[in-house]
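Chemist: coordinates for the following, if possible.
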Amino acid sequence: MPTLIVNADDFGYTPSINSAIIEAHQKGIVTSTTVMINMPYAEEGLQQVMRQAPKLGIGLHINLTHGHPILPPSTIPSLVDENGQFFLPDKLIAAASKFDGDELYQEIAAQVERLISITGGPPTHLDSHYHMAFIHPLALEATLALADEYRLPLRESNLNVSDEELIAGLQFFMPFMPTEFILGLKQQLQAAYAHSPAPRYPATFESRYAAPNNTLGDLLNILTDTVFTKRPVEIMCHPGRQDDPLITNGEQKQRELNALTHPATREVIERLNIELVSFAAFAEN
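Modeler: Below you'll find the model as predicted:
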């Protein structure tokens, strides 16, 4: 039986995104979410999940690029700007070269502990906003160490791809990232993996549904492809609402919500006998 995780990123970013993710779980195929625990709407959203959607898996969306950190900015000065906020993506290339490894570890650990303090239990898994915790060598080392410490699985991060595939993948999320920078980064990340605890990746990561202008047909094609994958698959998605005043890509997010809750989507899941699970299914006891 094919096994599928459908993870909605960015929980906690806005109230509308929170409600859309809960709807995509209650009425659609979303089984898991990852929360930006430092964002203003994270705690109220998690309280809502625990009341209304207790079977929704809750992971941590490690956030090093938006908003204020969990720790006091004065204790992690290399990670924040003059306003005490994380550097926005367009400033990261310059700022990230000065990130301190101990500060990264402490902030990511604080994000894990903050989630635990609200939900009463550990996250089901770890992933990262803009994949930052997997593409910065020191952040990767911190993330791998904490995943080992808390015995948590991770979203798959695969460096066993061609240079062309890696460049295309990273520039999709960060188009301002120079090609030469990415090629040097690959070597640093490989070194970080070599001397860190081995990561646990329970599912093959499927990112195609994050593409702009995705459609219901795109989702159905991806679901059909999972039948031919021997390992469990994780589909990443970003549902939201078109009228959300706090975001600029509401139309795309609404389109994802509509597809995730469409009757045809559920029909394909049932016809292909796909088992829907969250990362909780792969927890270590």
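
Chemist: what about the helices in this protein?
Modeler: 15-26, 42-52, 92-96, 101-119, 132-135, 137-150, 163-173, 179-194, 216-225, 250-260, 263-271 (DSSP state H).

Chemist: which other helices and strands does the longest one contact?
Modeler: Applying 3 or more Cβ pairs under 8 Å, 6 or more residues apart in numbering; DSSP states H and E, one finds that helix 101-119 makes contact with helix 42-52, strand 57-62, helix 137-150. Yep, even glycine has a C-beta here, placed from its N, CA and C like the rest.

Chemist: give me the buried positions along that helix.
Modeler: 103-112, 114-115, 118-119 (16 or more other Cβ atoms under 10 Å).

Chemist: between all of those, which two are at the greatest distance?
Modeler: Distance extremes for the buried residues of helix 101-119: the farthest pair is Glu103 and Thr119 at 25.1 Å, using Cβ to Cβ.

Chemist: Gly101 contacts Leu140, doesn't it?
Modeler: No: counting by Cβ atoms under 8 Å, Gly101 does not reach Leu140; the two are 10.2 Å apart.

Chemist: count of neighbours near the residue nearest to Arg208 when sequence neighbours are not counted?
Modeler: Take Arg208 and drop its neighbours on the chain: the residue closest to it by Cβ to Cβ, 6 or more residues apart in numbering is Ile222, 5.8 Å away. A count of nearby residues for Ile222, using other Cβ atoms under 10 Å, gives 18.

Chemist: from what I can see Ile222 touches Ser207, true?
Modeler: No: Ile222 lies out of contact with Ser207 (Cβ under 8 Å); the separation is 9.9 Å.

Chemist: would you mind measuring from Ile76 to Gln26?
Modeler: 37 Å (Cβ to Cβ, to the nearest Å).

Chemist: more neighbours: which of those two?
Modeler: Taking other Cβ under 10 Å, Ile76 and Gln26 do not tie; Ile76 has more neighbours (21 against 13).

Chemist: what's the most buried one of the helices of the chain?
Modeler: Highest mean neighbour count of the helices of the chain: helix 132-135, a mean of 25 (counted as mean count of other Cβ atoms under 10 Å).
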